[in-house]
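Visitor: below is the sequence, then the predicted model.
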Amino acid sequence: MEKKNKTLGEFIIENQSEFQYSTGELSKLINAIRLAAKVVNHEVNKAGLIDILGEAGDTNVQGEDQQKLDVLANEKFIQALRKREIVCGIASEEEDDFITINSQDENHQNKYVVLIDPLDGSSNIDVNVSVGTIFSIYRRVTPVGTPVKLEDFLQPGKNQVAAGYVVYGTSTMLVYSTGHGVNGFTLNPAIGTFYLSHPNMQFPETGKIYSVNEGNYVHFLQGVKDYIKYCQEEDGDRPYTSRYIGSLVSDFHRNMIKGGIYMYPKSSVTQNGKLRLLYECNPMAFIAEQANGMAIGGKNRILDIVPTELHQRVPFFCGSKKMVEKLQEFLDKYH
Ligand SMILES: O=P(O)(O)OC[C@H]1O[C@](O)(COP(=O)(O)O)[C@@H](O)[C@@H]1O
Ligand SMILES: [Mg+2]
Ligand SMILES: [Mg+2]
């Protein structure tokens, strides 16, 4: 078990050998995320004092009204990643298309693509409820020396070389995995340093929390309705407790620590659910599986899905293994 309280920088160096590619590349990637996270954290913490609450006035490719903090976080993460001479392309919830980034020598030597949800939980920004950032990292599949292509982004989640999230909550944490377990780092805002506070995070095998927007209940498929009823029944360790923050990162983080299941099903209103496969479901599924949890889209494992579009949505069920398996039983009955 990793010793607590070492800095993120120390942890990255000590665990370099775990990263399947050359040393230094991972630290450049994670350092870019760390830097941008600190900048965004700084803005989020004083959001009410400076003019970054409310709408930015534009809509994004999803047709959602962009919040000012969506736009700011998007700029800060793209800036930080662009400067690191390691990323050849970025895709973001707030950008219609992927961004090509060329190496300084103009020969497309960079090897990684990064997909981000710069600000997750946008509906909670103005009401001072915790929000987050989500990131997913792949090695490109097209040859170095050529411009990045869409296929570099449309890789199944199991190809991720690293993924994680930042939660801007009562404290600010960076949680990530490179495929060797999940570790959480808490920011000491006084000195601007992330320290290892949650080594080797694990989803409890089961739990007593279910997270779903029950306001959509009538539109859910029968299997999901039956599972929610099952969670609410008086029997054994049930009823479970309903907790729904409305920020995927925060609901996921709580369930990973306490044991629980998060659900954003498809419904008669949202044919494919709401969450985006590439920069919400894949990175969270990668973390979940690395933490002994489980993530499905219904019959399929999220990380096996072969993406077809940059901003595609999928149904998402994720959390403690025994709870997701139980849900799967209910889904299999009907679908
Ligand atoms: O308000 P709803 O429909 O329950 O949706 C809440 C979900 O939508 C999201 O806010 C979508 O993410 P963005 O805020 O990044 O668009 C998730 O964080 C959250 O879990
Ligand atoms: Mg989101
Ligand atoms: Mg977002």
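Guide: Looks like it came in fine. Ligands and ions are numbered 1, 2, ... in the order given.
Visitor: secondary structure element for the closest residue to residue 87 other than its chain neighbours?
Guide: Here the nearest residue to residue 87 in space, its sequence neighbours aside, is residue 81; by Cβ to Cβ, 6 or more residues apart in numbering that works out to 4.8 Å. All C-beta atoms are positioned from the backbone trio N, CA, C, and that covers glycine. Using DSSP states H and E, residue 81 maps to helix 68-82.
Visitor: measure the residue most central in space within the chain to residue 24 for me?
Guide: Nearest residue to the geometric centre of the chain (Cα atoms, centre = their mean): residue 134, 3.6 Å. Computed as Cβ to Cβ, to the nearest Å, the residue 134 to residue 24 distance reads 24 Å.
Visitor: now swap in residue 113 and tell me
Guide: Residue 113 is 18 Å from residue 24, by Cβ to Cβ.
Visitor: more neighbours: which of those two?
Guide: Using other Cβ atoms under 10 Å as the criterion, residue 113 and residue 24 rank with residue 113 on top: 25 against 13.
Visitor: tell me who's in contact with the residue nearest to residue 248 when sequence neighbours are not counted.
Guide: What sits nearest to residue 248 in space, not counting adjacent residues and going by Cβ to Cβ, 6+ apart, is residue 120, at 5.5 Å. Residues in contact with residue 120 (Cβ atoms under 8 Å, 6 or more residues apart in numbering) are 131, 132, 133, 134, 165, 247, 248, 249, 280.
Visitor: I'd guessed residue 193 sits against residue 185; true?
Guide: No - at 9.1 Å, residue 193 does not count as touching residue 185 under the criterion of Cβ atoms under 8 Å.
Visitor: the more surrounded of the two?
Guide: The neighbour count for residue 193 versus residue 185, taken as other Cβ under 10 Å, is higher for residue 185 (26 against 15).
Visitor: for the helix or strand hosting that one, packing partners?
Guide: Per DSSP H and E, residue 185 falls inside strand 183-188. Using 3 or more Cβ pairs under 8 Å, 6 or more residues apart in numbering; DSSP states H and E, the elements in contact with strand 183-188 are helix 8-14, helix 25-45, strand 172-177, strand 193-198.
Visitor: how far does the longest one sit from the chain's center?
Guide: Helix 25-45 sits 15 Å away from the centroid of its parent chain (Cα atoms, centre = their mean, to the nearest Å).
Visitor: same check on stretch 141-156?
Guide: Here stretch 141-156 is found 21 Å from its chain centre; the criterion is Cα atoms, centre = their mean.
Visitor: now do the end-to-end distance for that stretch.
Guide: 12 Å (Cα to Cα, to the nearest Å).
Visitor: same thing with stretch 298-316?
Guide: 8 Å.
Visitor: quick one: average confidence on stretch 242-253?
Guide: Across stretch 242-253, pLDDT averages out at 98.
Visitor: report the buried residues of the helix-or-strand element of the chain with minimal mean pLDDT.
Guide: Here the helix or strand of the chain ranked lowest by mean pLDDT, DSSP states H and E is strand 55-59, holding a mean of 88. Buried residues in strand 55-59, counted by 16 or more other Cβ atoms under 10 Å: residue 56.
Visitor: and the stretch 51-200 of the chain, which residues reach ligand 3?
Guide: Counting by Cβ under 5 Å from the ion, the stretch 51-200 of the chain comes close to ligand 3 at 93, 117, 119, 120.
Visitor: the second one reaches residue 279, doesn't it?
Guide: It refers to residue 117. Yes - the criterion here is Cβ under 8 Å, and residue 117 meets it with residue 279 at 4.5 Å.
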